[in-house]
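**Q** Quick one: sequence and predicted model below, then my questions.
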Amino acid sequence: MKRFFSAAAIALTMMTGAAHAQSADDFPNRAIRLVVPFAAGGSTDIVARIIAAKMTDILKQPVIVENRGGAGGNTGAATVAKSPPDGYTVLMGTVATHAINPALYTKMPYDPVKDFAPVSLLVNVPNVVVVHPSLNVKTTAELIALLKANPDKYEYASSGIGTPLHLSGALFESMAGVKMVHVPYKGAGPALVDVMSGQVKIMFDNLPSSIGHIRKGTVIGLAVTTKDRSPAAPDMPTVNESGLPGYETYSWNAIFAPAGTPTAIVDKLAKACMEAMADPEVKAKLADLSAVAVGSTPAQLSEHVKAELAKWGPVVKASGASINE
């Protein structure tokens, strides 16, 4: 009897392994759902649709974008974390869902590391320091000098408490040793409108939102916040090179599968992502949004998430921002 059960167990194990191998070999054989954890029309949604179209061509199966907004991205991310680990439901994750929210929200519906299988870092989107012309500063160094001479006098606008734009400002304050007054808005659009009108003088914004206004002279772009200059604004220096060494913030988008997704399927998805990011047409469309195509391996994305969690956790804590929901 024991021999029978042993043989049966071995046979079952072999059958299960063969099934996994077969499912990976013919993956995908139906549509893939790409969950965007924010509303349609935003930058994450736009990037997702560009990439989904190209991955549809590469994988020969539809990659369908589904918007699941709510709780700063947590609702959509939790949906994917709890989905079957078969590669047919994946997440367009961001710096919010996988680096900021775990420190910002007192109750998280998922673990950003344990509940996901990293697939590929897709794009980086620079932020930019913008000021109203009446502030009379032209460089990051001049802004820091002004703020040091006038602690808590000047306000900076953001898209809301605990958002990447808010925390970009908080990190700037911490690293530069300055104090500003944070003015949170319900979205980046209204915040930028008040900066353009001069009601608030300073903002850390996504470059795609501000670049048109910078070119018109409505606001002054002091510096981009990435390590390297942006191809969309090559004459604009970085914060790092123009007054605050070591400062770097940016938004990013990456694809994650649920934890437990077979490695072969993750690798197949990652290969499709990297191929899509190398496509000249995709690169051109992303460049129009001031986004920089990356296309990483799963291992590289895993390390990226760990570094971002280590970076943003202390910033969130120092800012005092907290959301209990």
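**A** Now that the structure is in, tell me what you want to look at. Numbers count the residues shown, from 1 in each chain.
**Q** can we go C-alpha only for contacts and neighbour counts from here?
**A** Noted.
**Q** Flag every buried residue along the helix or strand containing Lys268.
**A** Per DSSP states H and E, Lys268 falls inside helix 263-278. For helix 263-278, burial by neighbour count (16 or more other CA atoms under 10 Å) applies to 264-274, 276-277.
**Q** distance between that helix and the chain's centre?
**A** 18 Å (CA atoms, centre = their mean, to the nearest Å).
**Q** again with stretch 208-223
**A** 22 Å.
**Q** Put the alpha carbons of that stretch into PDB.
**A** Extracted in PDB, the C-alpha atoms of stretch 208-223 (Å, rounded to 0.1, in the frame of the first residue of the first chain):
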ATOM      1  CA  PRO A 208       5.100  66.200 -18.900                       C
ATOM      2  CA  SER A 209       2.500  68.400 -17.100                       C
ATOM      3  CA  SER A 210       4.700  71.400 -16.800                       C
ATOM      4  CA  ILE A 211       7.000  71.400 -19.900                       C
ATOM      5  CA  GLY A 212       4.500  73.300 -22.100                       C
ATOM      6  CA  HIS A 213       4.100  76.000 -19.600                       C
ATOM      7  CA  ILE A 214       7.800  76.200 -19.100                       C
ATOM      8  CA  ARG A 215       8.300  76.700 -22.800                       C
ATOM      9  CA  LYS A 216       5.700  79.500 -22.800                       C
ATOM     10  CA  GLY A 217       7.400  81.200 -19.800                       C
ATOM     11  CA  THR A 218       4.300  80.900 -17.600                       C
ATOM     12  CA  VAL A 219       6.400  79.200 -15.000                       C
ATOM     13  CA  ILE A 220      10.200  78.800 -14.700                       C
ATOM     14  CA  GLY A 221      11.700  75.300 -14.800                       C
ATOM     15  CA  LEU A 222      14.700  75.400 -12.500                       C
ATOM     16  CA  ALA A 223      15.800  71.800 -12.800                       C
END
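**Q** list the buried ones in that stretch?
**A** Buried positions in stretch 208-223, judged by neighbour count with 16+ other CA under 10 Å: 208-211, 213-214, 218-223.
**Q** What of stretch 101-114?
**A** For stretch 101-114, by 16+ other CA under 10 Å, it's 101-105, 108, 110, 112.
**Q** How about stretch 313-325?
**A** 313, 315-316, 319, 321.
**Q** Can you lay out those residues as TSV showing distance to Ala96 and secondary structure?
**A** Formatted as TSV, the buried residues of stretch 313-325 follow (distance: CA to CA, whole Å; DSSP: H, G, I helix; E, B strand; the rest coil):
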residue	distance to Ala96	secondary structure
Gly313	11	helix
Val315	13	helix
Val316	11	helix
Ser319	15	helix
Ala321	14	coil
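**Q** Spell out, range by range, the helices that occur in this structure.
**A** 2-25, 43-59, 74-81, 95, 101-104, 140-149, 164-176, 188-197, 207-216, 263-278, 280-288, 298-319 (DSSP state H).
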